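# sequence and computational prediction follow.
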Amino acid sequence: MFFSLAFPHIDPVLIEIGPLVIRWYSLAYIAGLLMGWRLMVWMAAQPPKIIKQDDVDDFLVWAVLAVMLGGRIGYVLFYNFGYYSANPSEILLIWQGGMSFHGGLLGVIIATFWFCRQRSINTLSFFDLLGVATPIGLFFGRIANFINSELYGRPTDVAWGMVFPTGGPLARHPSQLYEATLEGLVLFVVALVLWRREAIRKRPGLVAGVFLIGYSSARAFVELFRQPDQHIGFLAGGTTMGQMLSLPMWIIGGWLIWSALKASSDSTKKT
């Protein structure tokens with residue numbers, strides 16, 4: 001007989017007053033966006049000053065729309081296209097769940113290119129700021145997944161396994177906490193430590209590349225312990241959808257790092 005930790009039952013609904021319902025999941029998005037915004041305001045004031053505070057304030061609105069639209073569209077296309085193609089009226093019912101980080105990231109990337117082009121801002125330097133701020137939202141989002149007893153791990157006999165209310169009688173890996181730690185805390189510390197070095201900030205795209213490789217590597221690793229979505233299951237070779245979607249991120253991240261280092265090397269040679 002294996003032991004397991006007791007799942008801390010926390011009501012996914014924080015406050016419910018009549019028709020007003022405030023969920024932990026919604027607060028996770030709000031906390032991630034607001035804290036990321038304040039961090040970017042601070043970073044924007046550091047040399048080299050590539051963006052004004054007013055621009056950061058304005059981008060917050062763009063980010064909210066990009067995350068919500070991209071996250072939802074990504075989930076519909078990547079994870080449950082069959083269902084939503086048969087029930088298109090439910091696509092807008094975001095409060096029922098179903099958001100994709102990869103879709104949200106793609107939405108933010110598109111919004112960033114458009115925003116920076118309109119404001120004549122160095123796009124790669126701006127992506128570096130986002131690479132530091134994004135793990136904050138990832139951390140809170142995974143904690144909300146844990147509270148909601150969703151996206152749990154595969155069955156396990158490790159001492160810290162948990163029996164999730166929605167996961168049947170078997171103890172499972174608390175994979176949401178693994179992701180909160182790796183994609184959130186660890187990646188945030190690494191990206192921030194790198195960005196605080198002025199020499200790194202002068203290599204646009206380097207921190208963004210580290211973020212992409214860091215996230216995709218952490219996600220691919222944790223997918224080894226996370227239960228695949230029931231309606232998708234395993235893909236070719238025992239891979240998961242999360243791992244497949246992370247592969248392009250890893251490649252692009254590597255290219256960004258190589259380009260940033262090469263540009264810096266070329267600049268040094270010229271001087």
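Arrived safely, thanks for sending.

# residue closest to the middle of this structure?
residue 138 (4.4 Å; C-alpha atoms, centre = their mean).

# so who does that residue touch?
By C-beta atoms under 8 Å, 6 or more residues apart in numbering, the contact set of residue 138 is 32, 101, 179, 180, 183, 184, 187, 215. In short, each C-beta sits where N, CA and C put it, glycine included.

# do you know how far it is from residue 237?
26 Å (C-beta to C-beta, to the nearest Å).

# end to end, how far does stretch 172-184 reach?
21 Å (C-alpha to C-alpha, to the nearest Å).

# ok, stretch 85-105 next?
Counting by C-alpha to C-alpha: the opening and closing residues of stretch 85-105 are 23 Å apart.

# what about that stretch, distance to the chain center?
For stretch 85-105, the separation from the chain centroid amounts to 16 Å (computed by C-alpha atoms, centre = their mean, to the nearest Å).

# what of stretch 124-131?
15 Å.

# pLDDT on it, on average?
In this model, stretch 124-131 has an average pLDDT of 96.

# so what touches that stretch?
40, 43-44, 48, 50-51, 108-109, 112, 115-116, 191, 195, 201, 204-208, 210-212, 256, 260.

# cool, and stretch 54-71?
So stretch 54-71 is in contact with 29, 33, 36-37, 40-41, 44, 94, 99-101, 103-108, 110-112, 115, 119, 121, 137, going by C-beta under 8 Å, 6+ apart.

# again, but for stretch 228-240
79, 80, 82, 83, 223, 226, 241, 244.

# hmm, back to that, the residue nearest to the centre of the chain: what secondary structure?
helix (DSSP: H, G, I helix; E, B strand; the rest coil).

# tell me the pLDDT of it.
95.

# the one 5 residues further on too?
According to the model's per-residue confidence, residue 143 sits at a pLDDT of 96.

# now do the contacts for it.
Neighbours of residue 143 in contact, by C-beta under 8 Å, 6+ apart: 24, 28, 176, 177, 180.

# give me the neighbour count for the fourth one.
When you say that, I think you mean residue 177. Neighbours of residue 177 under the rule other C-beta atoms under 10 Å: 18.

# not counting its neighbours along the chain, what's nearest residue 100?
residue 74 (3.4 Å; C-beta to C-beta, 6 or more residues apart in numbering).

# confirm for me that that neighbour is in contact with residue 98.
No - contact status for residue 74 versus residue 98: not in contact, 9.7 Å apart, counting by C-beta atoms under 8 Å.

# and the helices in the stretch 101-250 of the chain?
Secondary structure of the stretch 101-250 of the chain (DSSP state H, counting those that start in this stretch): helices at 101-119, 123-147, 175-179, 187-195, 198-201, 206-222, 241-270.

# as JSON lines, those with distance to residue 7 would be great.
Formatted as JSON lines, the helices of the stretch 101-250 of the chain follow (distance: least, C-beta to C-beta, whole Å):
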{"stretch": "helix 101-119", "distance to residue 7": "23"}
{"stretch": "helix 123-147", "distance to residue 7": "9"}
{"stretch": "helix 175-179", "distance to residue 7": "11"}
{"stretch": "helix 187-195", "distance to residue 7": "26"}
{"stretch": "helix 198-201", "distance to residue 7": "41"}
{"stretch": "helix 206-222", "distance to residue 7": "19"}
{"stretch": "helix 241-270", "distance to residue 7": "23"}
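
# looking at those, which is nearest to residue 154?
helix 175-179 (7.8 Å; C-beta to C-beta).

# could you list every residue that touches residue 99?
71, 72, 74, 75 are the contacts of residue 99 under C-beta under 8 Å, 6+ apart.

# would the last one count as being in a strand?
No - under the criterion used here (three-state DSSP), residue 75 is helix, not part of a strand.

# ok, it touching residue 102?
No - using C-beta under 8 Å, residue 75 makes no contact with residue 102, being 9.2 Å away.

# residue 74 and residue 98 - which one has more neighbours?
Per other C-beta under 10 Å, whichever of residue 74 and residue 98 has more neighbours is residue 74, with 21 against 18.

# and the gap between the more buried one and residue 11?
On the measure of C-beta to C-beta, residue 74 and residue 11 end up 28 Å apart.
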